[in-house]
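*Asks:* no FASTA, just this:
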DNA sequence: ATTATTTTTGAACGATCACTCAAATGTGAG
DNA sequence: CTCACATTTGAGTGATCGTTCAAAAATAAT
């Protein structure tokens, strides 16, 4: 029974994510989504309920992708601290990536939607909190493993790392910043490594 | 000859700036502007030419305000480096301010408009560059005055400071971050002070 | 084949979008 | 008082906004 979905739902969602990530919420119209997803408005509303619903799903999918990214750096590194540092340093080539935007989608959303779409802004805010929490947990594990100085504050370091990354990614939105971005990312990675216990 | 303008042009511009700063470019409609400025569409188009024209004027006005702000901290401080540090530290109460947005308007614009309004994005990008340049010049003056270590790179420090501030201001867009923001701003001010020559 | 169920299609809705322009209004010089 | 002119007013432009929904199409069980 039942007709097949025209496209795999993951593929559909990832196209929506690209579009929203690139253009933001308000600048992306349903028409844009219809052409990008190659679906009629009815199909989109049947699956997501509203434009805001598509956005929320896209944002969650984006966050999951970023989570996986960090995990990869951690599992590829000898120590936890080195994993975090490698992740931080990975932003050195931010400007050369062919992503929909150099800025993080959660970050873009939390600033764009603050005054106009409080519910969606809250979703983005919570996802960023979860990311910060994740950073903090890894710092905490590193401390337990004796990699970090005893007087380190993992919760603060989580907030600090998130703010640092936000800074670099926002700075990278300016024109001709590739070189500086590399320097900034290198500097950040070094500061993370300098947290190491003596 | 000629009828008087209904309002002082500075007042008009500052209201437009508040609105765009708060809501961003795409989420702000001409209707919004008409009510906020208490002006008909004809008047607005006569003065600014287009919605983009209003935005550009608002952005320039915003940038001038920020420039003045930094100058104030510098003239109130004994040394140049201390002035910069005081400015950096001033973001400790970012969340308590009653500004239209905790995030910087240039920063919001450069991320929001990248894909959809390249001309306006370029305006924001250039204004941010001018700000970075201003930071760099002050660092350079500080170095010449012997306040900074000889091996300091003022141009890099300008970029670094801008990215740091961007990070804190974006982080502050999340909910319940007032305390963390204070810690981050204090930390930044301290790092600036640590640039001092030994 | 028929039926039940799911999905797609796309025309259409009222609201709002950025913007235009002719007419009204106010102002100071002569 | 009159006239020249800058400015405001606000109705109206066509286009696009997010959304709805009835009808068509596709699938799988009976």
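*Replies:* That came through fine. For clarity, every value in this text was computed on a predicted model and none was experimentally measured.
*Asks:* Name the SS class of the nearest residue to residue A:155 once chain neighbours are set aside, please.
*Replies:* Closest residue to residue A:155 apart from its sequence neighbours, by Cβ to Cβ, 6 or more residues apart in numbering or on different chains: residue A:136 at 4.9 Å. Backbone N, C-alpha and C define where each C-beta goes, glycine included. Three-state assignment for residue A:136 (DSSP: H, G, I helix; E, B strand; the rest coil): helix.
*Asks:* how deep is residue A:136 tucked in, by neighbour count?
*Replies:* Other residues lying near residue A:136 total 20 when counted by other Cβ atoms under 10 Å in any protein chain shown.
*Asks:* isn't it right next to residue A:157, touching?
*Replies:* Yes. Using Cβ atoms under 8 Å, residue A:136 makes contact with residue A:157 at a distance of 6.8 Å.
*Asks:* Spit out the contact partners of the residue nearest to residue A:155.
*Replies:* A:154, A:155, A:157, A:158, A:159 (Cβ atoms under 8 Å, 6 or more residues apart in numbering or on different chains).
*Asks:* which of the residues you listed come close to DNA strand D?
*Replies:* Checking the contacts of residue A:136 against DNA strand D by Cβ under 7 Å from any atom of the strand, not one of them is in range.
*Asks:* any idea which of these is closest to chain B?
*Replies:* When these are compared for distance to chain B (Cβ to the nearest Cβ), residue A:159 wins out at 4.6 Å.
*Asks:* following the helix or strand hosting the closest one, which helix or strand shows up next?
*Replies:* According to DSSP states H and E, residue A:159 maps onto helix A:154-171. Going down the chain from helix A:154-171, the next helix or strand is helix A:178-193, by DSSP H and E.
*Asks:* angle of that next one against helix B:178-193?
*Replies:* Orientation check (axes from the mean of the first three to the mean of the last three Cα atoms, to 10 degrees): helix A:178-193 against helix B:178-193 gives 100 degrees.
*Asks:* now helix A:178-193, how far from the centre of its chain.
*Replies:* 18 Å (Cα atoms, centre = their mean, to the nearest Å).
*Asks:* who's in contact with that helix?
*Replies:* A:81-82, A:84-86, A:88-96, A:161, A:164-165, A:167-168, A:171-172, B:156, B:159-160, B:163.
*Asks:* Go again with 6 Å.
*Replies:* A:84-85, A:88-89, A:91-92, A:94-95, A:164, A:168, A:172, B:159, B:163 (Cβ atoms under 6 Å, 6 or more residues apart in numbering or on different chains).
*Asks:* Next: stretch A:73-84.
*Replies:* Outside stretch A:73-84, the residues that touch it by Cβ under 6 Å, 6+ apart are A:86, A:87, A:138, A:141, A:142, A:147, A:192, A:196.
*Asks:* What's the mean pLDDT across it?
*Replies:* In this model, stretch A:73-84 carries a mean pLDDT of 98.
*Asks:* for stretch A:172-186, same thing?
*Replies:* In this model, stretch A:172-186 has a mean pLDDT of 98.
*Asks:* From the opening residue of that stretch to its closing one, how far?
*Replies:* This stretch, stretch A:172-186, spans 14 Å end to end (Cα to Cα, to the nearest Å).
*Asks:* Pull out the buried residues from it.
*Replies:* For stretch A:172-186, the neighbour count (16 or more other Cβ atoms under 10 Å in any protein chain shown) marks A:172, A:173, A:174, A:177, A:180, A:181, A:182, A:183, A:184, A:185 as buried.
*Asks:* do stretch A:75-82 as well
*Replies:* Neighbour counts over stretch A:75-82 (16+ other Cβ under 10 Å) mark A:80, A:81, A:82 as buried.
*Asks:* Take the residues you listed and lay them out in JSON lines including secondary structure and distance to residue B:14.
*Replies:* Listed next are these as JSON lines, based on DSSP: H, G, I helix; E, B strand; the rest coil; distance: Cβ to Cβ, whole Å:
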{"residue": "A:80", "secondary structure": "helix", "distance to residue B:14": "49"}
{"residue": "A:81", "secondary structure": "helix", "distance to residue B:14": "48"}
{"residue": "A:82", "secondary structure": "helix", "distance to residue B:14": "50"}
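*Asks:* Turn these into a markdown table, including distance to residue B:22.
*Replies:* Converted to a markdown table, those look like this (distance: Cβ to Cβ, whole Å):
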| residue | distance to residue B:22 |
| --- | --- |
| A:80 | 41 |
| A:81 | 40 |
| A:82 | 42 |
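*Asks:* Residue A:122: which of those is nearest?
*Replies:* residue A:80 (30.7 Å; Cβ to Cβ).
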